[in-house]
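[1] Return atomic coordinates for the entry below.
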Amino acid sequence: MGFFHSFMVLIPIFVPLLQGYGLSMSEVMQTQALFALTIALCEVPSGYIADMWGRRNAVILGSILNAFGFFSLLWADTFVDFLIYEFVLGVGFSLISGADLAILYDTEVYLQSIGKGNGTGKSLSRLISIEAAASGIAGIVASVLLIWSMDAVVWVQAFTGFMPLVLGLFLIEPPRPKQTVSNHRGNAKHIVSLMLFDKPVVCWTVLAISVFGLLSLYIFWIYQKYWELQGIPVDQFGYIWAAFALTVSLAARYSGELERRLGHRNLLIIVAVLPIAGILGMVFANGWWGVMFGFAIQASRGISITVFYEALNRRVSGDFRATVNSLASLGVRGIFIVTGPLLGYVLDTQGMTKTLLGLIVVFVPLMGFALVPLLIQIKREPREEEHESEAVAVS
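    Prediction:
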């Protein structure tokens, strides 16, 4: 399912596609802001619904909405049509977000309790790696389809969008204690306490996810405009996208080994340095050399999402894992609602160089604000407390 959720052939050429319908970069970012707003409104309720009434049910419902959203692309050709498309996908992705990680993590915890399984960290890194690989394969397919037309890309996306729904019907949810549906206020207090007070590492990890996730999201939507300005042909976008996705996949796959060899402190420093170096390279290099610096940003993304989400899920008990994962994603989308259209406006009026340098000015202190306290709290955290939540889940 993770593979087909990320197999989006439309994404590598999404900006040129919308520009072909007359949309400006500001309007493109407005569609993404609506997507972020929809997720912000639905993310936490959907995660809570998944915890209360079943993660499998939430994933299937989300897959139904996504399939309908992708199919609607067949008749979308105006700004409003693309807004509707992003709204439907926002609801669908919010239902799946958090629930998919929770069902995977809980499955591994259950399998370990009966002497089986691959380990939670390994399964999480494999999922992220597979999703990134799917994005890469989608990029190659998109470039091949462009030999015919952009319409061919849209048609393939419309029909492959049904695959997660088909596969979701075969999901089996692992056994876990049923939550008290009627005590919503008590559950909310427990979740807030868990994220903000019980374990400081959880709070700072969520903040780190928000900071690094937001920077990745900005760069994600800047890439295609940057490539266009560097004179890269549109039919090459898919191949670049594939190479970038492969970088994320490999970085995620081996992030655990890197952490064991380098230690969490050195690894987090590398995670912060790589995107800054990549953005500076994009500013001062030209043509394909500038494009190549994007690999540094992608490597940081693959490592950071794996390390941060593994650290978060390891410290959160299974009863509200989907809700906490959804709250972590909410931090990214919530900020993007306001700042996404602003980023598009800055790109339209100030140009690429000033926009990229502005991101460095903003995110260097934000990274320091997130990582320094996180490293301090990890150092203070007793070794036995680090594994407490997983032990509770197993028991």
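[2] residues near residue 160, how many?
    Neighbour count of residue 160, defined by other CB atoms under 10 Å: 18. Glycine gets a C-beta too; all of them are placed from N, C-alpha and C.
[3] Spit out the contact partners of it.
    4, 7, 9, 70 (CB atoms under 8 Å, 6 or more residues apart in numbering).
[4] Show me those residues that map onto strands.
    With strands taken from DSSP state E, there is no overlap with the contacts of residue 160.
[5] So which of those residues are in helices?
    Of the contacts of residue 160, the ones assigned to helices by DSSP state H are 4, 70.
[6] Nearest residue to residue 23 in space, ignoring adjacent ones along the chain?
    Nearest non-adjacent residue to residue 23, counting by CB to CB, 6 or more residues apart in numbering: residue 79, 6.0 Å away.
[7] residue contacts, the one you found?
    Taking CB under 8 Å, 6+ apart as the test, what residue 79 contacts is 21, 23, 27, 31.
[8] can you do 10 Å?
    18, 21-24, 27-28, 30-31 (CB atoms under 10 Å, 6 or more residues apart in numbering).
[9] Kindly provide the distance from it to residue 360.
    Distance of residue 79 to residue 360, given as CB to CB, to the nearest Å: 31 Å.
[10] Over to residue 301?
    16 Å.
[11] And for residue 34?
    In terms of CB to CB, residue 34 sits 27 Å off from residue 360.
[12] do the same with residue 132
    According to CB to CB, residue 132 and residue 360 sit 25 Å apart.
[13] Look at the two and report which has more neighbours.
    For residue 132 versus residue 360, neighbours defined as other CB under 10 Å are more numerous around residue 132 (26 against 14).
[14] Any figure for the gap between the more buried one and residue 305?
    9 Å.
[15] shared neighbours of these two, anything?
    Joint contacts of residue 132 and residue 305 (CB under 10 Å, 6+ apart) are 248, 251-252.
[16] Switch these over to CSV; also include secondary structure.
    Formatted as CSV, those follow (DSSP: H, G, I helix; E, B strand; the rest coil):
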residue, secondary structure
248, helix
251, helix
252, helix
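[17] Could you verify my assumption that residue 366 touches residue 213?
    No. Counting by CB atoms under 10 Å, residue 366 stays clear of residue 213, with 11.6 Å between them.
[18] where does the stretch 151-300 of the chain have low pLDDT?
    Applying pLDDT under 70 to the stretch 151-300 of the chain picks out residues 176-200.
[19] and residue 172, how many neighbours does it have?
    Using other CB under 10 Å, residue 172 is surrounded by 7 other residues.
[20] thinking it is in contact with residue 56, fair?
    Yes. With contacts counted by CB under 10 Å, residue 172 reaches residue 56, the gap being 7.6 Å.
[21] what do the two both touch?
    Taking CB under 10 Å, 6+ apart as the contact rule, residue 172 and residue 56 both touch residue 103.
[22] do you know how far the closest residue to residue 150 other than its chain neighbours is from residue 79?
    Excluding the flanking residues, the one nearest residue 150 by CB to CB, 6+ apart is residue 17, at 5.6 Å. Residue 17 sits 13 Å away from residue 79, going by CB to CB.
[23] shared neighbours, those two?
    With CB under 10 Å, 6+ apart as the test, residue 17 and residue 79 both reach 23, 28.
[24] got the phi/psi numbers for residue 169?
    Per-residue torsions, residue 169: phi -70, psi -20 (degrees, to the nearest 10).
[25] any idea where the helices of the stretch 201-350 of the chain begin and end?
    237-253, 255-262, 264-284, 287-292, 294-314, 321-350 (DSSP state H, counting those that start in this stretch).
[26] Can I get these in JSON lines including distance to residue 127?
    Converted to JSON lines, these look like this (distance: least, CB to CB, whole Å):
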{"stretch": "helix 237-253", "distance to residue 127": "9"}
{"stretch": "helix 255-262", "distance to residue 127": "12"}
{"stretch": "helix 264-284", "distance to residue 127": "19"}
{"stretch": "helix 287-292", "distance to residue 127": "28"}
{"stretch": "helix 294-314", "distance to residue 127": "9"}
{"stretch": "helix 321-350", "distance to residue 127": "12"}
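[27] which one of those is the most hemmed in?
    When the helices of the stretch 201-350 of the chain are scored by mean count of other CB atoms under 10 Å, the highest mean neighbour count falls to helix 294-314 (a mean of 24).
[28] Could you figure out how far that one is turned away from helix 237-253?
    Angle, helix 294-314 to helix 237-253, by axes from the mean of the first three to the mean of the last three CA atoms, to 10 degrees: 40 degrees.
[29] Distance from helix 294-314 to the middle of the chain?
    Distance of helix 294-314 from the chain centroid (CA atoms, centre = their mean, to the nearest Å) equals 10 Å.
[30] With just CA atoms, put it into CSV.
    Provided in CSV are the C-alpha atoms of helix 294-314 (Å, rounded to 0.1, in the frame of the first residue of the first chain):
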residue,chain,number,x,y,z
GLY,A,294,19.4,18.8,-4.4
PHE,A,295,20.7,15.4,-3.5
ALA,A,296,22.0,16.8,-0.2
ILE,A,297,18.6,18.0,0.7
GLN,A,298,17.0,14.6,-0.2
ALA,A,299,19.6,12.7,1.8
SER,A,300,18.8,14.8,4.9
ARG,A,301,15.0,14.2,4.3
GLY,A,302,15.4,10.4,4.2
ILE,A,303,17.5,10.3,7.4
SER,A,304,15.4,12.8,9.3
ILE,A,305,11.9,11.4,8.8
THR,A,306,13.1,7.8,9.6
VAL,A,307,15.1,8.8,12.7
PHE,A,308,12.5,11.2,14.1
TYR,A,309,9.4,9.1,13.5
GLU,A,310,11.2,6.0,14.9
ALA,A,311,12.1,8.0,18.0
LEU,A,312,8.6,9.3,18.4
ASN,A,313,6.8,5.9,18.0
ARG,A,314,9.3,4.2,20.3
